[in-house]
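Trainee: sharing a sequence plus its predicted fold:
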Amino acid sequence: MSDFVTPKIHRVPPSGIRRFFDIAATMDDVISLGIGEPDFATPPNIVQAGLASLGAGETHYTSNSGILELRAALADHLEKLYGLRYDPQTELLITVGVSEALYLAFAATVEQGDEVVVPEPCFVSYNPEVVLAGGTPLNVQTSVENDFQLLASQVEEAVTDRTKSLLLGYPNNPTGAVMNRELLLDVAQVAEKHDLLVISDEIYDRLVYGVEHTCFASLPGMRQRTILLGGFSKAYAMTGWRIGYAAAPAEILAAMRKVHQYTIMSAPTTAQFAALEALKSGEEAVQEMRARYDRRRRLIVAGLNSIGLTCFEPRGAFYAFPSIEITGMSDEQFSERLLMEEKVACVPGSAFGQGGAGHVRCSYATAYNQIEQALERLARFAQRHG
């Protein structure tokens, strides 16, 4: 029966994250530093808005693009944050999470043989989505020496005459890196020079600590060549609601909407009403959760460094990305033995691409006391293994 499966599916490996979650699920007393979602519940006012929409009979399809009131509120939100104005009618699309938005971006713009520059380490979906669209990922390796920021020279070196676009994911999963404005301006110059479309996944834009997030589309001349992806999952603790968005010039957005029409129809109606409430009244909750993440961030980074697992300071998202090379183990060996011996789950860095080898991803989207306990177990593990 495998003959019926297309070759491109065989070129996509299974997720490197799932195996460790599956093992951990069979064990008791596991502290998970692996999962990439908030441990907070969705704020009550947002939940109530979703419930109220059900009570009001809002159980039908919405516009393919999403509820207009939500798109209008989102347009105001992006203008307030980044000085960008998108037309709610023609330049904004509500999607089933950023995952769908990413799929739509590639389905609408990548043809067989097109190349996409993808910096690594990166979210596990990036390379597979390029392949599934018929494209070829051109991976460039960021490094801890540059705080895992992408350099314009790396993009320049990777580009060929078949390169069509550049995929950015900052604040970054898995490293927690945040691109500074100066380096982004350099990348923007390369994108303009080679006429590259830029797909910028900024799902963690509200979760930055001590620095300012620069929206790529807000850079001079970049709005018209950028597909901006964002959503509600991380900042508003709404992962299970599956609600995201894409913002792009009208012609590109129309192409993405066409794919969306035939594959999804519309994002979940209840989740859209909840997202509208998040934009209206969720800011206080965002600030509170971010402050608590920041406290956890400082705890886990200091703890990892004190153990000897060198960790640069992540400035965004909710991940630390320590080096485990001092142990002499591969990141796969380290993660598996840590789980079996001390019941702490983390994710091998190589799950996020070649550039992640020798590191592990530790999420601090878990309770402060759980992180303290995990660090104690990690210290025992590190001491035992020299």
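Mentor: Yes, it's here.
Trainee: which secondary structure elements does the strand or helix carrying residue 98 sit against?
Mentor: Under the criterion of DSSP states H and E, residue 98 resides in helix 97-109. Contact here means 3 or more Cβ pairs under 8 Å, 6 or more residues apart in numbering; DSSP states H and E; on that basis helix 97-109 packs against strand 92-95, helix 126-132, strand 197-201, strand 226-231, strand 244-247, helix 250-263. In short, each C-beta sits where N, CA and C put it, glycine included.
Trainee: ok, the fourth one: who's next to it in the sheet?
Mentor: Strands flanking strand 226-231 in the sheet, each with its direction: strand 197-201 (parallel), strand 244-247 (antiparallel) (DSSP bridges).
Trainee: returning to that earlier point: and the helix holding residue 98, what's its mean pLDDT?
Mentor: Confidence over helix 97-109, taken as the mean pLDDT, stands at 98.
Trainee: check which element follows that helix along the chain.
Mentor: Under the assignment DSSP H and E, the closest C-terminal helix or strand after helix 97-109 is strand 115-120.
Trainee: quick one: contacts of that following strand?
Mentor: 106, 110, 126-127, 130, 135-142, 150, 154-155, 158-160, 162-169, 196, 199, 352-356 (Cβ atoms under 8 Å, 6 or more residues apart in numbering).
Trainee: also stretch 82-95?
Mentor: Under the criterion Cβ under 8 Å, 6+ apart, external residues in contact with stretch 82-95 comprise 62, 65-68, 70-72, 74-75, 78-79, 101, 104, 215, 217-218, 223, 228, 231, 243-250, 253-254, 256-257, 260, 264, 266-267, 272, 275.
Trainee: show me how to select, in PyMOL, the buried members of these.
Mentor: Buried residues within the contacts of stretch 82-95, by 16 or more other Cβ atoms under 10 Å, are selected in PyMOL with:
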select buried, resi 62+65+66+67+70+71+72+74+75+78+101+104+215+217+218+223+228+231+243+244+245+246+247+248+249+253+256+257+260+266+267+272+275
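Trainee: C-terminal to the longest helix along the chain, what's the next element?
Mentor: Among the elements of the chain assigned as helix by DSSP state H, the one spanning the most residues is helix 283-307. Using DSSP H and E, the helix or strand that follows helix 283-307 towards the C-terminus is strand 319-320.
Trainee: mind giving me the packing neighbours of that next one?
Mentor: Counting contacts by 3+ Cβ pairs under 8 Å, 6+ apart, strand 319-320 is packed against helix 283-307, strand 360-363.
Trainee: so what strands line up beside the shortest one?
Mentor: Next to strand 360-363 in the sheet, as set by DSSP bridges, lie strand 319-320 (antiparallel), strand 347-348 (antiparallel).
Trainee: returning to what we had before: so which of the strands paired with strand 226-231 gets nearest residue 381?
Mentor: With Cβ to Cβ as the criterion, residue 381 lies closest to strand 197-201 of these, at 33.1 Å.
Trainee: buried sites along that closest one?
Mentor: Counting neighbours by 16+ other Cβ under 10 Å, strand 197-201 gives 197, 198, 199, 200, 201 as buried.
Trainee: ditto for stretch 25-39
Mentor: Of the residues in stretch 25-39, those buried by neighbour count under the rule 16+ other Cβ under 10 Å are 30, 31, 32, 33, 34, 35, 36, 38, 39.
Trainee: lowest pLDDT pick from these?
Mentor: By pLDDT, residue 35 ranks lowest within these, coming in at 81.
Trainee: C-terminal to the helix or strand bottoming out on mean pLDDT in the chain, what's the next element?
Mentor: Of all regular secondary-structure elements in the chain, judged by mean pLDDT, DSSP states H and E, the least confident is helix 18-24 with a mean of 67. Per DSSP H and E, the first helix or strand lying C-terminal to helix 18-24 is strand 31-32.
Trainee: give me the contact list for whichever helix or strand comes after that next one.
Mentor: The first helix or strand that comes after strand 31-32 along the chain, using DSSP H and E, is helix 44-55. With contact meaning Cβ under 8 Å, 6+ apart, helix 44-55 is reached by 41, 236, 238, 241, 269-271, 273-274, 276-278, 281-282, 285.
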